[in-house]
Structure formats: structure tokens, C-alpha cells
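> Here's my sequence, what's the structure:
(2 chains)
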2 protein chains.
Amino acid sequence: MRFSLSIAALTLAIAATPAVAQKATTIPESAVANAATLREKALASDLGWKITESLTTEVGPRLAGSEADARAVAWAVAKFKQLGYDKVWTEPVTFPKWVRRSEHGEVVGAHAQKLYLTALGGSPGGTVEAEVVRFPDLAALQAAPDGSLAGKIAFVDYQMKKMRDGSDYRNGGGIRGRGPSAAVRKGAVAFLMRSAGTDNHRVPHTGATRFEDGLKPIPAAALSIPDADQLARLVALGPTKVRVALDCGFDGEYTSQNVIGEIRGSGKPDEVVLIGGHLDSWDHGTGAIDDGAGIGLSMAAAVLVKPLKPKRTIRVVAFSNEEQGLYGGRAYAEKYFKDVSKHHIAAESDFGAGRIYAFSSSAPDYAKPAVEQIAKALAPLGIEYAPGTGGPESDIGALAARGMAWGYLGHDGTDYFDLHHNADDTLDKIDPKALAQNVAAYAVFTYLTAQSDGDFGSAPKAAEPRER
Amino acid sequence: MRFSLSIAALTLAIAATPAVAQKATTIPESAVANAATLREKALASDLGWKITESLTTEVGPRLAGSEADARAVAWAVAKFKQLGYDKVWTEPVTFPKWVRRSEHGEVVGAHAQKLYLTALGGSPGGTVEAEVVRFPDLAALQAAPDGSLAGKIAFVDYQMKKMRDGSDYRNGGGIRGRGPSAAVRKGAVAFLMRSAGTDNHRVPHTGATRFEDGLKPIPAAALSIPDADQLARLVALGPTKVRVALDCGFDGEYTSQNVIGEIRGSGKPDEVVLIGGHLDSWDHGTGAIDDGAGIGLSMAAAVLVKPLKPKRTIRVVAFSNEEQGLYGGRAYAEKYFKDVSKHHIAAESDFGAGRIYAFSSSAPDYAKPAVEQIAKALAPLGIEYAPGTGGPESDIGALAARGMAWGYLGHDGTDYFDLHHNADDTLDKIDPKALAQNVAAYAVFTYLTAQSDGDFGSAPKAAEPRER
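Take a look at the predicted model:
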């Protein structure tokens, strides 16, 4: 996950609800009965786990544009086919390729010691040795006078808080996104931040940053949490010099692929229920919770639905390069925005593999009966109907902004930012039982929406500017 | 901590107990009363924390023989003086210097990916690319026919178990110590092991190994626990090649120092109660639990005892290079073995900063009344009297083998091997309240033994061969 949930998109979708009365959307009782069986079958299945294990083991880390990106695409094509999907294809996604070659950090002088840090995606390379100026948060850095950090390294030392919905990522991710540009404006020669994370291990969290137009990029990196603690203590003792040496940067363009698999609908094959996750990962971990789980659970959910011969088509999308700027989701939206009405509803999983605890949807009032039927079918999984929460996750956001209806199945993200974008994002961190619960939730949602009589409000809408 | 507790030394000490009747060792009731006040004062003090914070922050990692070794010695001398010790001095300790320059591991081929590994201390450098053969434990490797691993990499994949007394380190540490030599005998070109650890993070655990005489050393490294999981999965899928590139090895000799501080005894200044820890650490973490805490708690305990004007001298030893072969402890024993009788009793802390839960001693039967008085004074700290458990920790083992009496204050080590010898051994892992309890236990033990009427059985003994 790179971006937090877009409240803007949620509001827009609600605003798009037609005010005129319309026939209620409902789900046939036979489908509701089938969903109960499907749910239990999914809970007993390890298919989601097996797929996630296969991706994270056989491909491993899969940074967009790296050698492993192509292997991940080949893996997804082969896996869709092996799982018996009716149709499998790829669609090109082009983006600037960012490469990490090496990275080192150290305190120099009387307290010389190594610092565990990692370059932010999008950072240029460079070697800098300079005194560190610490700021408790982004606002403090932004409040410093322009030019006041000339020749210094800016260090934003904000500690993210653990929350079930991960909402303090607004601060942590915000520092990562906007901190480097703020540092440039103040004259800094490099940018350091306490990782946007909630763990206490020596595994710094990477993630994309972007320099504002017209600013000269500077080396930007995140320290592990214990290293940020250490640097804060050293800075409190007296002037502290740090050496940051990053060898990384942009290197041309790369064309990867969105990989798509479909289970063809038996009644309304042209209408699509879209689920998915993103295929790429950051390079330190093996991308298990971000977002191997999203790939595994969506691929598995559709397979479990298949024997029920869903009325509408189930489309599973393994999106390309989410991490560095939602490239796969944006390419998808660009290609399909004219077909918004054919996208019955969509849900993406890009917030780990914790138990899903909340369900909501953008559906308008006339579809509320169907939404409540789905909520009732999800309740035995410990999932609460929570209208007004959540939103369309990462890659489906672009098409949701063009009017596509979405469902939200909210994972418990309490521990998500212990692992997010760091080396610890590995298979052992996934609880197989929680992942099976995720698969069950997605299978139930996918099947019931595919069977509905009536729609969930997908309708073309003018493009809105999206916050990056 | 490098070595597990020496049961052999314990047995020998018990065997040395004289069978003849002797005047009972006891502790004056006035001292027992003082100890209760001392205990509460220590629990309320943050001195142990402050010292540990200072060492781990200002010096940071302090690999024996590195530039930081000299800084650590200077820090200890200055800290003893600053704390008001009556006498401070150093004693040379010479050892082969082992240097780590760089280390890389990766799976090559169809599942190419980085592996997080670290060279074992004592490993030679070298680059090897070869197929991996997995063994579930050391016995399985030892059972392989000689020469059967020609051109292969041996991988011992034993998962250490969490235990309060850390006793499964017998297996984990045993693999690290003896695995590389076993691999050489089978013809292997490199040795890999699952880290001797109980965590699930990408922080491999280093530690010393030693090749048996006459064997040609091979590169030897430990994988992090998640990397060992991953390699085991890949090997199960089919033949798996790994590239290991280590730049490390021995580089001449280095002379460091044991650093010693004394609070001079008011009544029997020539008799010494010795407490301490080791000053060196491995290079990945900042040596907080191993063994900054041992230094911090022993330095603080003696300071807290000082106002009580102890009868005997309190000697705090910050031992040099424990990690690579107990060099400081052995140098100390060599210098002082003729003065064993002047070493009233000794206790070392080298098992982290978890709460102390057990107390025992090598003291003979005639000293049991005093030992029971100490046990009673420790009981309010949640410490159980557990005769027959424990032993002399690491550096004091050599002199204990020559007849020095010892006390054992056993830390809860349940989480110790999450952090032992890896990058996660940092200050944040220490609970300040638990460390204060440790200081209180050491202060009470030190003061009461210093006040005893009668001895704890220290008496010269012929040197016994020590297991390395």
C-alpha cells in the first residue's frame, strides 16, 4: 500500500448517487444460501495461502522494473492458467524505472557507528556528510525559515502510532511524500526520516517519495526505528554529523504488465465484478502482506466462486507498479473509463492479511437491500457492517473516481505498519487462518454482487483531479 | 553471551566442598537490615539505565579489536572515575583480531533473490556459488558420509526453542561452534545455518565459530530466521544454488584492556567481591542486552553499595573480548589464579536484562546460613532460591574453575535469543524497570557477601581443562 484511502473519492461517489427513485437492487435468496456454503468452504481451504506462498517464495521481492518484475508477470499468467481461469491476458503499463544499488549511513566522529537506513523510492543517489538538524514532525520542518538548513541534513523524527485502520499513515506517509521537498526548500543537502512504521526492529521502511516540480532532488532515506531513537539521543548530546551514501536513482523507462484473469459469467458475461491486488512489491521483503496476500486471496476467491457459475464475470487484476505511483491502476482506468458501467462493482485488497473486520460500499440507497444481504452473509466471519467508513483501495481508486462502484473489506491493520515496505514483510508474518477468513470474505462479496438483480451505482462521471 | 553455563564447572565446585565441619558463614543482622533499604533505593534508581544508555549510545557497537574497542575502554575508565570509584585501572588482553568488511548472500537462478545473512566470527572470507544441501540438525550433518558434500554448501536448519533459561542455546550455539568443522569434513565449500535465535526478523545472528585444528576453514554464515524458512522452501522445490560472498577474516593481533574499578573495603580491603559483565559486543547491534546491561547494572550496583562502606572491596570488571573466546576472563584468571582465596565470591551478568528470577551459589554447606540470608533478602524482588541451578557466567568461569566461589543471579532469558548477537540488540529492548530490579539484586548480593562473617568456599584448585 502506498496511498491512504481516498476520502475524496468516497465523497464524490456518494454525491453521484441519483436522487430519483429506482428499483431496489437485491440478491436472490438461492444465492444467499449458496454464499453460506461458499463461506465455509473458503474457510476450510488453504488455496489463498498456497498462492501467496508460491509468489513470495518462487518470485520473492519484485520491485517494479526489476528483473523480478518480468518473473512476477510470468508467474501470474501461469498461475491464472493453472488455476483454471477462463481467460488470461496482460495489458502494458509503462513507468520510469527506479533502481536501488546500495545504501549506507553512519554517524561520524566521536560516536562513530553505522546507521540502518534505506533510500526512499524516487531518491537520487549521492554522498553527503553533514550535521543533522532534528524536527519532531513535518510541520516543524515546514515552519523552519527558507534556507535555514543550508549545508545540513534535515531529520524528521515522527513516530507513527499503531491503529487498527492504519490511519496514522496519513502522518508517516505524508512525511515520506512531502518531507524531502520541504527539506530542499529549507536548503538541506539530504533528508532523513524515522521510518513510517510501528515496529522496533533494524529494518528501515522504504516507500516512494516525489520531489515537487522545480526543486533539485536531494538524497532521501528512512532510518529504522531504533536508529532514529539513537540519532535523536546523539543529537541531544551535541552536534552530530552523519554520512549518507546512496547509489540509486531513475534509469529510463520500463514497460510491465497488468495481469488479468477472468471467470466468465454465465448470465451477464459483459458485466464485471473486479477484485485484485498489486503484483509488485518493494525490494527488501518478499511482499507477503504488501501485497502477495491481496493477489493470493483474490485469485483464490474467484476459483472458489467458479463452481457456482456466477451470473456476471469475475475479473481478477494483478496490478503492476502500485508502489511507485499507482501506475497499474491508472493504466487500467485509462483503458476502461468508458466501460465504467460494465464494471458492476470492485474491491481491492491492499492492506495486508489481518482479519477483515469492516464492510462498506459506495452503493446508493436503492442498492442498500443487496448491501445489507451481503453484510449479513459476512457477519459470521466477524465482519461488521460499517457504512461511511473505508473507500476504494489503491489501484481501483482511479476508476472509482470515474464512477465505478466499490466495496470495502477492511483488514485489521494494527500490525500492518510493523512490516510495511521493510525486509520483515515475509510469508511467516501471515496467519493462514486469517488469510482464509479474507478469502471467504472476498468470495462471498464477489459471488453475491455477481448474482445481484440490479446494480450498485456504477455510472460514468467526469474525471476529478486526484491527489497524488 | 557466547558460552552456555558450564555444568562441568558447577559440578567441580560442588566436589571441592570440604567434608569436614567448619564454622558457619553468616551475615550480621545489621547488614541484612541495610540490605532491605539498599534494595528499595536501587529499585527507585535509574543509574543502571543511565550507564547502559551512555555506553550503547556514545560508543555504540564495540567489536573486539575494532576502532570502537579503544573507545569503549576509554569510556569505561572515564565512567568508573565519574561514578566515584576509589581505584580504576586496566589490564591488557591480547587476541587475534577478526574483521568483518562486507557480506552478501543470494539465491541464483530462476528464483533469484537476496538472502539476509551474516558471517560467523572467525570465518574466512571467500565467494562461493554452489548447490545447497539441507540438514535438519547438526547430528544429520555429522552423519553424512565424509566427502559427500564435495562442491556443495551445507545448510543446518535447526530452529532454536524459546526457554526461560535459554538452555536450547546448547543446540543453537553448538551448531555455530561445531557445524563449520563438520561441513569441512564432509567436503562442503561453505557453511550456512539458520541463526541461533528465536525471533522472526531479517536480522541474522552472528557469533564466534572455530575450526578444528588441521581443517581448512570455509566461509561460514548464519541466515536470518525468515531467510532460513525461505531457503528451506526453495530447496524443497528443487535444486537450489546460492552465492555467498564474505569479505572478513583474521588480521593480526590486537591488545585491548579489561577495565576494573574498585570500591575499597573498610574492614577487609584485600578480600574482593567481584561483579561485572563484558565490555565488548558484536558489531550489528549496540550491545544493549549483550552486554551493556551487565556493565550498567554492575557499575551501578557497586555505586549504590558504596555509602554503606562495605567491609570487603567491591571490584567491578568490564571484561574485554568475551564474544570471540572469553579472552578477558582468561587473562584475568591467568593473572589472579594465585589469589583465588582473596576472591571472596563473584557474580557476572551476561544474559540480558530480563528480570532475575533465580539465585544459587557454589557455596559449601557451612556457608548455607549466609546464602539463605541472601536468598531471603532477594525474595521481595521475585527471586527464587534455586540451589543446584545455574553456574558462573562466561568471564568468571575461568577463575571459578580454579576454585573461586560464585553466585548466580539468573535472568529471565525467554526473549534473550530474539536479540542475541543481532542488529536488534539495542537500548529500546531493555525494560528500565527490569534493569532496576537487576541492579537491586546485584547490589543486595554484593553488599551482603561483602559483609559476611566467614567465607563462601573460595580455595585454590588445580586447573581443569575447559571446554571451548
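> Close to chain B: what parts of chain A are there?
A:53, A:57-61, A:67-68, A:71, A:107, A:110-114, A:116, A:200-203, A:225-226, A:229-230, A:233-234, A:237, A:284-286, A:422-424, A:426-429 (CB under 8 Å from any CB of the partner chain). To be clear about C-beta, it is placed using only N, CA and C from the backbone, and glycine gets the same treatment.
> mind saving the C-alpha coords of whatever helix or strand A:A318 lives in as PDB?
Remark: A:A318 resides in strand A:312-319, with elements defined by DSSP states H and E. What follows is strand A:312-319 as a C-alpha-only set of coordinates in PDB (Å, rounded to 0.1, in the frame of the first residue of the first chain):
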ATOM      1  CA  ARG A 312     -21.600 -11.900 -14.000                       C
ATOM      2  CA  THR A 313     -17.900 -12.200 -15.000                       C
ATOM      3  CA  ILE A 314     -15.300 -12.300 -12.200                       C
ATOM      4  CA  ARG A 315     -12.200 -10.400 -13.200                       C
ATOM      5  CA  VAL A 316      -9.100 -10.600 -11.000                       C
ATOM      6  CA  VAL A 317      -6.500  -8.000 -11.700                       C
ATOM      7  CA  ALA A 318      -2.900  -8.200 -10.500                       C
ATOM      8  CA  PHE A 319      -1.900  -4.600 -10.900                       C
END
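> from the chain's centre, how far out does whichever helix or strand comes after it sit?
Reading on from strand A:312-319 to the C-terminus, the next helix or strand found by DSSP H and E is helix A:327-336. Once both centres are worked out by CA atoms, centre = their mean, to the nearest Å, helix A:327-336 turns out to sit 15 Å from its chain's centre.
> and whichever helix or strand comes after helix A:327-336, how far out from the chain's middle?
Using DSSP H and E, the helix or strand that directly follows helix A:327-336 along the chain is strand A:343-348. Distance of strand A:343-348 from its chain centroid, counting by CA atoms, centre = their mean, is 16 Å.
> Name every strand pairing with the helix or strand following strand A:343-348 and say which way it goes.
Where DSSP H and E defines the elements, the next helix or strand beyond strand A:343-348 is strand A:356-361. With DSSP bridges as the test, strand A:356-361 is paired with strand A:384-385 (parallel), strand A:407-411 (antiparallel).
> hey, which of those is tucked in deepest?
strand A:407-411 (a mean of 26; mean count of other CB atoms under 10 Å in any protein chain shown).
> Give the rounded mean pLDDT of that one.
The average of the pLDDT scores along strand A:407-411 is 98.
> With stretch A:382-395 instead?
pLDDT averaged over stretch A:382-395 gives 96.
> now stretch A:112-126
Mean predicted lDDT for stretch A:112-126 stands at 98.
> ends of that stretch, how far apart?
Terminal residues of stretch A:112-126 are spaced 20 Å apart (CA to CA, to the nearest Å).
> picking up where we left off before, what packs against the strand holding A:A318?
Contacts defined by 3 or more CB pairs under 8 Å, 6 or more residues apart in numbering or on different chains; DSSP states H and E place strand A:312-319 against strand A:241-263, strand A:268-278, helix A:293-305, helix A:327-336, helix A:432-451.
> in the first one, what counts as buried?
Along strand A:241-263, the positions that meet the burial threshold by neighbour count (16 or more other CB atoms under 10 Å in any protein chain shown) are A:241-246, A:248-249, A:254, A:256-263.
> In its sheet, which strands sit next to it, and in what direction?
strand A:87-108 (antiparallel), strand A:126-135 (antiparallel), strand A:312-319 (antiparallel).
> That one to helix A:293-305, inter-axis angle?
10 degrees (axes from the mean of the first three to the mean of the last three CA atoms, to 10 degrees).
> Could you give the average pLDDT over strand A:241-263?
Rounded mean pLDDT across strand A:241-263 is 98.
> that older thread, got the strands paired with strand A:356-361 as CSV, with distance to A:Y366 columns?
Formatted as CSV, the strands paired with strand A:356-361 follow (distance: least, CB to CB, whole Å):
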stretch, distance to A:Y366
strand A:384-385, 17
strand A:407-411, 16
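> The closest residue to chain B within the stretch 251-400 of chain A: what secondary structure?
When scored by CB to the nearest CB, the stretch 251-400 of chain A has A:T286 as its residue closest to chain B, at 7.1 Å. Classification of A:T286 by DSSP: H, G, I helix; E, B strand; the rest coil places it in coil.
> Now it. Nearest residue, chain neighbours left out?
A:T56 (4.2 Å; CB to CB, 6 or more residues apart in numbering or on different chains).
> What confidence value was assigned to A:A64?
A:A64 carries a pLDDT value of 98.
> Contact partners for it?
By CB atoms under 8 Å, 6 or more residues apart in numbering or on different chains, the residues touching A:A64 are A:F95, A:K97, A:W98, A:Y254, A:S256, A:D280, A:S320, A:N321, A:E323, A:Q324, A:Y327.
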